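>>> need a structure here:
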Amino acid sequence: MRRLGRPAMTIAAAVVAAGAMGVGVVTAGNRSNDERALRKTRSAPSRGVEGKVNALLSKMTLDEKLNQLTLLADWQATPDEARKPVGGVFSLTDPKKINDLQHVAVEESRLHIPILFAFDTIHGYRTIFPIPLGTASSFDPTVASDDHRIGAMESAAVGIKQIYSPMVDVSHEPRWGRSSEGSGEDPYLGAVMAAARVKAAQGSDYSAPDKVVTSVKHFAAYGQPEGGRDYNTTDMSEARLRNFYLPPFKAAIDAGADTAMCSFNAINGVPGCANSHTETNILKKEWGFDGFIEGDYTAVDELLRHGVAADGCDAARVALNAGTDMEMVSTHYRECGQQLVSSGAVSMARINDAVRRILRVKFRAGLFDHPYVDQAAANQVKPTDATRAVARPDAARSMVLLKNGNDALPLKDQSVALIGPFGNDKHNMLGPWWGMGDEADAVSVLTGLTDAGVNVTPTEGCHMEDQELYDPAKECPTVDTAGVTAAVAGAQQIVVALGETRSQSGEAEVRSNIELPGKQQELLNTVVDEAKGKPVTVVLFNGRPLDLTKVADKADAILEAWFPGIEAGHSIADVLTGKVNPGGKLPVSFPRSVGQVPIYYNHEPTGRPCDPGIRWNSRYRDIKSCSPLYPFGFGLSYSKFTVTDLTLSSHTLSRRGGSITVTAKVNNAPAGPDGDDVAQLYIHDPVASISQPVRRLRGFERVTVSAGQSTTVTWHLDRNDVGFYDNSGHFVVEPGTIEVYVGDSSDADMKDTFTVQ
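I've put the predicted structure just below:
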């Protein structure tokens, strides 16, 4: 059984987004037929919109135009602001207040222009799905589609017509808390998930009552800040920017994303919201983006602290001329616009361009025809049996089995000790950016196991308090040894629920130590000592890769659950009891210690590659390995899989066109259950004008294979897959040998080659 729409991938992926429709995703090189078709489809709902935009723009005063460039937070939104009206309001979720402000804007403003209401629907609005990093672990774009299809439906029902999602920042930084919001370290996987989310949330026409316009963020390279510190500077070559960090943005734009959010960070000394190279030259001109770019929270005002603007008016000048169309929270555009235009610092043509882009999106969103929300229906928005029925298997599908020794899993005995601060926890199951999720809707691990018929003896072991400001005294400060002893004594197997609180991942939640917080490791050590050989399974809740070296030394089994959402307990119980056979894979590498960071599979080679047995090479003296603890693409199953029979349809590929078909078999051993594996295709260009990564993911497919059976997986490689961007921003396809690797992790060693001619 295959869940992907098609394994043949133009350059990033073919995704299942809306229904069963496969969409080609293009991230580099010449535009394919798929992309041209997608562009045509995307613009179809806009016929007649340009005439309406131009007619409205011709009637607007400069003040009215500047108000359209203004984006206010919920606490700033008043009837007076609606009467102007402002262009947008974000984080307002009360449908009555949304309606009230919209009535003022439409009925009391001179030109009756509606407001665009926006919200951070990151992994669900009321029905909360796994965090995006968890969804990426599914290696299944239908999981991302489910998340944003339901999130869009629930958001739109209360009057929200724009979501600040997907976040597509590639990151090699586990210290960075916003790792939780992205799809990990690989641009290819990130592109697949980005396109799936956009297509699911927007559909073919986001004026539909259950659809929204997406805002892809944060443009660009926000996921690689110096030292992993949020909002910090980023410095990289043009080639690295285009090959690693821009592909998911390109995929989202090609999938139809009509708005984008510029980033807080500086790129090579130029802040994201002041960067004409990324915003205007690449996004708007090179990629043909005709929607609008909004700044992030006070990001325009922060240009002063970046040192690229002298005052608020100067910040407005810099940001507008760079391509930032709408200013969030700060109001320098509105306050300084008249002066900037009259002095010639900002042209009227640029103001008109920004307003035109905003109006275009509002018309496409159907706001002029249907500005109001049905409050009675909006008040009924909540998780339902139908949405839970989607969230539960998707959460289980997103979990990764990292270790399984001592015959620990699936659980063999119905007498289980459940120990740890997250065992009877609902609050943290929702993870960071939990939308309007209610912890009362969440299912704890205790409830999930109990509902599954397991006889559970719970004890907290130590307490983890969710806190906005860090206080180590509230992070598992003491271990309840007596409670652990009592719980273990009457059980045959032990499950230990450990990890981070939901406020320890996400925006601004940077950690210099990525081991288990507080004394949770001490708690685990105590459990193992008391278990005296009974199987001990650790279930992890976290929004970033952790240093699990000490955990792996102690636990028999480790299940990476991430933050699974409202159906957390049920989905975890499904996996622990064997009702669901885990099949997720890691979208990020897990280091052996924070000192290894950054460590990622698709790194460039060096003249002295790591070898622990040789002194004069690129290695850490105190780590006796060159590899991460768990590599990208890794994940175990209750089945025993092998990937065999790599075959290429040809051993030559033209630089001018054509493709090579790659096939392989995924085999499930007879002595186990039916299960899922993710076949993965990597390439390497060993000789190029610019040193190429040692591996690059160019295809994957998650397949279900019955015990004792096999299935064939097929991919297609073309010139776009083997090409790369150089430091002049040119896409090049060079002649030479390409190595092909296929397996079920980035350590795949089955190899063949072909020649690009």
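>>> Restricting the selection to alpha carbons, write stretch 376-386 to PDB.
Extracted in PDB, the C-alpha atoms of stretch 376-386 (Å, rounded to 0.1, in the frame of the first residue of the first chain):
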ATOM      1  CA  ALA A 376     -23.300  30.500  15.400                       C
ATOM      2  CA  ALA A 377     -21.200  28.000  13.400                       C
ATOM      3  CA  ALA A 378     -18.000  29.500  14.600                       C
ATOM      4  CA  ASN A 379     -18.900  28.900  18.200                       C
ATOM      5  CA  GLN A 380     -19.200  25.200  17.400                       C
ATOM      6  CA  VAL A 381     -15.600  24.800  16.200                       C
ATOM      7  CA  LYS A 382     -14.000  22.200  18.300                       C
ATOM      8  CA  PRO A 383     -12.400  18.700  17.900                       C
ATOM      9  CA  THR A 384     -14.900  16.200  16.700                       C
ATOM     10  CA  ASP A 385     -14.900  12.400  16.400                       C
ATOM     11  CA  ALA A 386     -14.100  12.900  12.700                       C
END
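>>> Could you give the number of residues near Gly88?
25 (other Cβ atoms under 10 Å). Bear in mind the C-beta positions are built from the backbone N, C-alpha and C, glycine included.
>>> I'd say it and Leu69 touch.
No - look at Gly88 against Leu69 with Cβ atoms under 8 Å: they stay out of range, at 9.6 Å.
>>> Can you check which residues contact both of those two?
Taking Cβ atoms under 8 Å, 6 or more residues apart in numbering as the contact rule, the neighbours common to Gly88 and Leu69 are 326, 358.
>>> Next up, the contacts around Lys426.
Lys426 sits in contact with 439-440, 442-444, 568, where contact means Cβ under 8 Å, 6+ apart.
>>> Looking at those, which are in strands?
In strands, judged by DSSP state E, none of the contacts of Lys426 are found.
>>> Buried ones from these, can you make that a ChimeraX selection?
Once 16 or more other Cβ atoms under 10 Å is used to decide burial, the buried members of the contacts of Lys426 can be selected in ChimeraX as follows:
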select :439,442,443,444,568
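>>> right, and the pair among the contacts of Lys426 with maximum separation?
Using Cβ to Cβ, these span at most 13.4 Å, a distance reached by Ala440 and Ala568.
>>> ok, Pro209 - contacts?
Applying Cβ under 8 Å, 6+ apart, the residues contacting Pro209 are 156-157, 370.
>>> Could you export the residues you listed as a markdown table, including secondary structure and pLDDT?
Listed next are the contacts of Pro209 as a markdown table, based on DSSP: H, G, I helix; E, B strand; the rest coil; pLDDT from 0 to 100:
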| residue | secondary structure | pLDDT |
| --- | --- | --- |
| Ala156 | helix | 98 |
| Ala157 | helix | 98 |
| His370 | coil | 97 |
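>>> Of those, just say which sits nearest to Ala73.
Ala156 (20.3 Å).
>>> neighbours of the closest residue in space to Gly437 that isn't next to it in sequence, just the number please.
Nearest non-adjacent residue to Gly437, counting by Cβ to Cβ, 6 or more residues apart in numbering: Ile128, 3.9 Å away. Neighbourhood size, Ile128 [other Cβ under 10 Å]: 34.
>>> Ile128: what secondary structure?
coil (DSSP: H, G, I helix; E, B strand; the rest coil).
>>> same deal with His570?
Quick answer, by three-state DSSP: His570 is helix.
>>> Tell me how far it lies from Tyr470.
Distance of His570 to Tyr470, computed by Cβ to Cβ, to the nearest Å: 32 Å.
>>> if you count what's nearby, which of those two comes out ahead?
For His570 and Tyr470, the more surrounded residue by other Cβ under 10 Å is His570, and the numbers stand at 24 against 12.
>>> List the residues that contact that one.
Neighbours of His570 in contact, by Cβ under 8 Å, 6+ apart: 392, 443, 447-448, 451-452.
>>> same thing but 10 Å
388, 391-393, 395-396, 443-445, 447-449, 451-452, 564, 579 (Cβ atoms under 10 Å, 6 or more residues apart in numbering).
>>> quick one: which of the contacts of Lys426 is nearest to Asn404?
Closest approach to Asn404 among the contacts of Lys426 (Cβ to Cβ): Ala568, at 20.4 Å.
>>> so is the closest residue to that closest one other than its chain neighbours in a helix, a strand, or just coil?
Using Cβ to Cβ, 6+ apart and skipping residues adjacent in sequence, the residue nearest Ala568 is Met429, 3.8 Å away. Following three-state DSSP, we place Met429 in the helix state.
>>> Met429: neighbour count?
Using other Cβ under 10 Å, Met429 has 31 other residues around it.
>>> in the helix or strand where Thr712 lies, what's buried?
If you go by DSSP states H and E, Thr712 is part of strand 710-718. Neighbour-count burial for strand 710-718, counted by 16+ other Cβ under 10 Å, picks out 710-711, 713-718.
>>> what would those look like in a markdown table with pLDDT and distance to Arg317?
Formatted as a markdown table, the buried residues of strand 710-718 follow (pLDDT from 0 to 100; distance: Cβ to Cβ, whole Å):
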| residue | pLDDT | distance to Arg317 |
| --- | --- | --- |
| Ser710 | 98 | 63 |
| Thr711 | 98 | 59 |
| Val713 | 98 | 53 |
| Thr714 | 98 | 53 |
| Trp715 | 98 | 49 |
| His716 | 98 | 48 |
| Leu717 | 98 | 47 |
| Asp718 | 98 | 44 |
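>>> ok, the residue nearest to Gly437 - contacts?
For Ile128, the contact set (Cβ under 10 Å, 6+ apart) comprises 122, 147, 150-151, 383, 387, 391, 395, 429-431, 433-439, 441-442, 563-568.
>>> Could you name the helices and strands sitting against the helix or strand containing Tyr682?
Assigned by DSSP H and E, Tyr682 belongs to strand 675-684. Counting contacts by 3 or more Cβ pairs under 10 Å, 6 or more residues apart in numbering; DSSP states H and E, strand 675-684 packs against helix 187-202, strand 641-648, strand 659-668, strand 696-705, strand 710-718, helix 719-722, strand 736-743, strand 750-756.
>>> Quick one: those as CSV, columns for distance to Val479 too.
CSV is the format used below for those (distance: least, Cβ to Cβ, whole Å):
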stretch, distance to Val479
helix 187-202, 38
strand 641-648, 38
strand 659-668, 41
strand 696-705, 39
strand 710-718, 47
helix 719-722, 51
strand 736-743, 41
strand 750-756, 46
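>>> deepest of these, which one?
Highest mean neighbour count among the helices and strands packed on strand 675-684 (mean count of other Cβ atoms under 10 Å): helix 187-202, with a mean of 31.
>>> can I get the CA coordinates of the helix or strand following that one in PDB?
Sequence-wise, the next helix or strand downstream of helix 187-202 (DSSP H and E) is strand 213-219. What follows is strand 213-219, C-alpha atoms only, in PDB (Å, rounded to 0.1, in the frame of the first residue of the first chain):
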ATOM      1  CA  VAL A 213      -4.300  31.800   2.300                       C
ATOM      2  CA  THR A 214      -0.900  30.600   3.700                       C
ATOM      3  CA  SER A 215       2.100  32.700   4.600                       C
ATOM      4  CA  VAL A 216       5.300  30.800   4.200                       C
ATOM      5  CA  LYS A 217       7.900  31.900   6.700                       C
ATOM      6  CA  HIS A 218      10.600  33.100   7.700                       C
ATOM      7  CA  PHE A 219      12.200  34.400   4.600                       C
END
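>>> what helices or strands is strand 213-219 leaning on?
By 3+ Cβ pairs under 10 Å, 6+ apart, strand 213-219 packs against strand 116-119, helix 141-157, strand 162-163, helix 187-202, helix 247-254, strand 259-262, strand 292-294, helix 348-364.
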